[in-house]
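> sequence first, then the predicted structure:
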2 protein chains.
Amino acid sequence: MQNWFIQHFGLDAVYVAFRVCPTELKNAVQGMRALGIQGMNVTVPHKEAVTAWTDEYSSEVTLLGAANTLKNVDGKISAFVTDPYGFIESLSENSARFNQADVLLFGAGGAARSVCYALSRLSVNRIILHDIDDQKTESLLRLCRTNLGLTKTVALKSIADDMNDIIAATPIVINATAIGMHPQENQSVIENVRTINKGHFFYDLIYNPAKTRFLRMAEKAGAVVQSGLDMLIFQGLQSMRIWTGEELKLNHASMQELRTLLTHFLGNHE
Amino acid sequence: MQNWFIQHFGLDAVYVAFRVCPTELKNAVQGMRALGIQGMNVTVPHKEAVTAWTDEYSSEVTLLGAANTLKNVDGKISAFVTDPYGFIESLSENSARFNQADVLLFGAGGAARSVCYALSRLSVNRIILHDIDDQKTESLLRLCRTNLGLTKTVALKSIADDMNDIIAATPIVINATAIGMHPQENQSVIENVRTINKGHFFYDLIYNPAKTRFLRMAEKAGAVVQSGLDMLIFQGLQSMRIWTGEELKLNHASMQELRTLLTHFLGNHE
């Protein structure tokens, strides 16, 4: 995808994959500096640990404690996180739905933290959190209430019988867990919900499969649904903007071309 | 050139330029390890210093104290020097001229050291060395006599009036200095030599310009001449063989294509 951007925008660069051991992370960042590599994306499992070795942080990185983008300016390495931007930009005309809305969010890991940051910028009313890991849930609850101004955030202890009532009262439902991701395509964070209707907006951060069981279920009930594909694209594009310092834009046709390419690629590399 | 090789041999790789400060050399090698970069070339001014940070050395690197090729196998970095191979392979059918021949060599720097290693493998009779830097000359003289089995090597104190006699008695003359290199194209290590004839073989390691004043002078007097272009190609190809572990070969047409490409490239990037 990043090499597609490079070609599309006519940049003089090449994007390659480096597999880095956790014990070599410091050397990898120092190597970036020594070799003059201008930019890097950082992914699992290094997003949190990498912040120990960079020279500067964006406010989002400081808040979220994780980075996915490094930029090297004359040997000074700055850390950014573009996932929140990717989420917001991916919403397009659906972003208006979030204003003062209640949101049910599944997951409390790194992706969910980025989503909460995005939700705080989208002026939602209240987030209802759920994760099977109580510690992660507690930590994200604290982040929302203390640092993101989302004081009405609450945690759901379990996915119980009242899910029908909760969803009936919550117009936006987001999956930020890995449940339903290839190859566990027949799984979903929620099942047998009877209260989904065409007023709902269901968002799944997963992009492989293109439509998870979670989204298929919601779509069947009339909800508007969105996969993680556009977020994937826009978080990557945002990194590219940070590296180049340019306001890179994709028109509708280019966006469609890239979606087709990525869908085809993901389908062939399962 | 290396990207031309990558495409020509259908390799899954990309070759990029890293500008490394001397103080960052250690971090650059550790970065190579951490990032899993499979191979690197090393050039001026790092060829000697880099050997302090690699895990293993070829016998040539140990002898010459310099490396131009690093290979990473599971985090273990080995150092190689491909310049001697490049010199030998570049000679092609002219290599027979070197057997038991006397050689006049201008220069005692890194390039000259690699040439001396190559000359030891070509079973020359005697090397006559000259460099304006007495310390470098002394060091190379010692290397030849002590480590390369070239016991008859001698040093020429100055380029004096007896150059006509020396060249009359020496069938092979090599320039391994930078004298005559672009943009000083009107310079030559020797001038006004009247004893050059068609029995002579003149080799200039410089490849820009394609034919130095040194070579033009010799060619005019009937000598067979060769520039450094093929050595450039073969030292690079040898690195590629080390990285891939494959016996990569160039046929005559490919060789000619690459020469044309490089000549054109060098002409346009002066």
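Cool, the structure landed. Residues are numbered from 1 along each chain as shown, chains lettered A, B, ... in the order given.
> how about the secondary structure of the closest residue to chain B within chain A?
Using C-beta to the nearest C-beta, the single residue of chain A nearest to chain B is A:Gly31, 1.5 Å away. To be clear about C-beta, it is placed using only N, CA and C from the backbone, and glycine gets the same treatment. Judged by DSSP: H, G, I helix; E, B strand; the rest coil, the three-state class of A:Gly31 is helix.
> what about chain A, any weak spots by pLDDT?
A:161, A:268-270 (pLDDT under 70).
> at 50 what do you get?
Scanning chain A for pLDDT under 50 picks out A:270.
> residue at max distance from the center of it?
Distance to the chain centre peaks in chain A at A:Ala34, reaching 30.4 Å (criterion: C-alpha atoms, centre = their mean).
> contacting residues for that residue?
B:20-21, B:24-28, B:30-31 (C-beta atoms under 8 Å, 6 or more residues apart in numbering or on different chains).
> okay, buried residues for the helix or strand in which it is found please.
In this assignment (DSSP states H and E), A:Ala34 forms part of helix A:25-35. By 16 or more other C-beta atoms under 10 Å in any protein chain shown, the buried positions in helix A:25-35 come out as A:25, A:27-35.
> strands of the stretch 51-200 of chain A, start to end?
In the stretch 51-200 of chain A, the strands defined using DSSP state E, counting those that start in this stretch lie at A:56-57, A:69-73, A:76-80, A:102-106, A:126-130, A:154-155, A:172-175.
> and the fourth one, which strands flank it?
Each strand that pairs with strand A:102-106, with its direction, by DSSP bridges: strand A:126-130 (parallel), strand A:172-175 (parallel).
> of all those, which lies closest to A:Asn68?
Minimum separation from A:Asn68 across the strands paired with strand A:102-106 (C-beta to C-beta) falls at strand A:172-175, 18.8 Å.
> and the very next helix or strand once past that closest one, how far out from the chain middle?
Sequence order places strand A:201-204 as the next helix or strand after strand A:172-175, per DSSP H and E. With C-alpha atoms, centre = their mean, to the nearest Å as the basis, strand A:201-204 stands 13 Å off its chain's centre.
> check stretch A:100-108 too.
Here stretch A:100-108 is found 14 Å from its chain centre; the criterion is C-alpha atoms, centre = their mean.
> who touches it?
Residues from elsewhere that reach stretch A:100-108, judged by C-beta under 8 Å, 6+ apart: A:112, A:115-116, A:119, A:123-131, A:133, A:136-137, A:139-140, A:156, A:166-167, A:169-177, A:179, A:189-190, A:205.
> same check on stretch A:134-150?
The contact list for stretch A:134-150, computed with C-beta under 8 Å, 6+ apart, reads A:63-64, A:108-109, A:112-113, A:116-117, A:119-120, A:124, A:126-127, A:129-131, A:151, A:153-155.
> just the buried ones from the residues you listed?
For these, a burial check counting by 16+ other C-beta under 10 Å picks out A:63-64, A:108-109, A:112-113, A:116-117, A:119-120, A:124, A:126-127, A:129-131, A:153, A:155.
> rewinding a little: selection in ChimeraX covering whichever of the contacts of stretch A:100-108 are buried, please.
Command for ChimeraX that selects the buried part of the contacts of stretch A:100-108, burial taken from 16+ other C-beta under 10 Å:
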select /A:112,115,116,119,124,126,127,128,129,130,131,136,137,140,156,166,167,170,171,172,173,174,175,176,177,179,189,190,205
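> please list all residues in contact with A:Ile196.
With the criterion set at C-beta under 8 Å, 6+ apart, A:Ile196 makes contact with A:167, A:202, A:217-218, A:221-223.
> A:Leu262 now?
A:1, A:207, A:229, A:232-233.
> mind running it again at 7 Å?
By C-beta atoms under 7 Å, 6 or more residues apart in numbering or on different chains, the contact set of A:Leu262 is A:1, A:229.
> now do the SS call for it.
Once three-state DSSP is applied, A:Leu262 turns out helix.
> against A:Val81, how distant is it?
A:Leu262 is 21 Å from A:Val81, where distance means C-beta to C-beta, to the nearest Å.
> equivalent analysis for A:Phe201, please.
24 Å.
> compare these two (neighbour count), which wins?
A:Val81 (30 against 19; other C-beta atoms under 10 Å in any protein chain shown).
> touching, that one and A:Leu64? I think so.
Yes. The criterion here is C-beta atoms under 7 Å, and A:Val81 meets it with A:Leu64 at 5.7 Å.
> common neighbours of the two, please.
Joint contacts of A:Val81 and A:Leu64 (C-beta under 7 Å, 6+ apart) are A:Ser114.
> contacts only, for the residue of chain A closest to chain B.
Contact analysis of A:Gly31 by C-beta under 7 Å, 6+ apart lists B:27-28, B:30-32, B:34-35.
> just say helix, strand or coil for the nearest residue to A:Glu185 once chain neighbours are set aside.
Nearest residue to A:Glu185, sequence neighbours excluded (C-beta to C-beta, 6 or more residues apart in numbering or on different chains): A:Pro209, at 5.4 Å. At A:Pro209 the chain is in coil, as set by three-state DSSP.
> for A:Pro209, the count of nearby residues, please.
Residues lying near A:Pro209 (other C-beta under 10 Å) number 20.
> quick check: phi and psi on it?
A:Pro209 adopts backbone torsions of phi -70, psi 160, taken as degrees, to the nearest 10.
> so it makes contact with A:Asn186?
No. At 10.4 Å, A:Pro209 and A:Asn186 do not qualify as touching, with contact defined as C-beta under 7 Å.
> get me the contact residues on the stretch 1-150 of chain A for chain B.
A:14, A:16, A:18-20, A:24, A:27-28, A:30-36 (C-beta under 7 Å from any C-beta of the partner chain).
> what is the neighbour count of A:Asp102?
15.
> which residues does it bridge with?
According to DSSP bridges, the partner residues bridging A:Asp102 are A:Arg126.
> how about the contacts made by the closest residue to A:Ala111 other than its chain neighbours?
In space, and not counting its chain neighbours, A:Ala111 is closest to A:Ala176: 4.4 Å by C-beta to C-beta, 6+ apart. By C-beta under 7 Å, 6+ apart, the contact set of A:Ala176 is A:105-107, A:111-112, A:115, A:205.
> ok so, going back, just the contacts of stretch A:134-150: which are in helices?
The helices, defined by DSSP state H, take in A:63-64, A:112-113, A:116-117, A:119-120 from the contacts of stretch A:134-150.
> please save the CA atoms from stretch A:118-138 in CSV.
The C-alpha trace of stretch A:118-138 is given here as CSV (Å, rounded to 0.1, in the frame of the first residue of the first chain):
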residue,chain,number,x,y,z
ALA,A,118,-10.9,9.5,17.8
LEU,A,119,-14.3,9.4,19.5
SER,A,120,-13.2,12.2,21.9
ARG,A,121,-12.4,14.3,18.8
LEU,A,122,-15.8,13.4,17.3
SER,A,123,-17.6,14.8,20.4
VAL,A,124,-19.5,11.6,21.3
ASN,A,125,-21.8,11.6,24.3
ARG,A,126,-20.9,8.4,26.1
ILE,A,127,-18.8,5.2,25.4
ILE,A,128,-19.8,1.9,26.7
LEU,A,129,-16.7,-0.3,26.8
HIS,A,130,-16.3,-4.1,26.9
ASP,A,131,-13.3,-6.3,26.9
ILE,A,132,-12.8,-9.8,28.4
ASP,A,133,-9.6,-8.4,29.9
ASP,A,134,-10.7,-6.4,33.0
GLN,A,135,-7.3,-4.8,33.4
LYS,A,136,-7.2,-3.4,29.9
THR,A,137,-10.8,-2.3,30.3
GLU,A,138,-10.0,-0.5,33.5
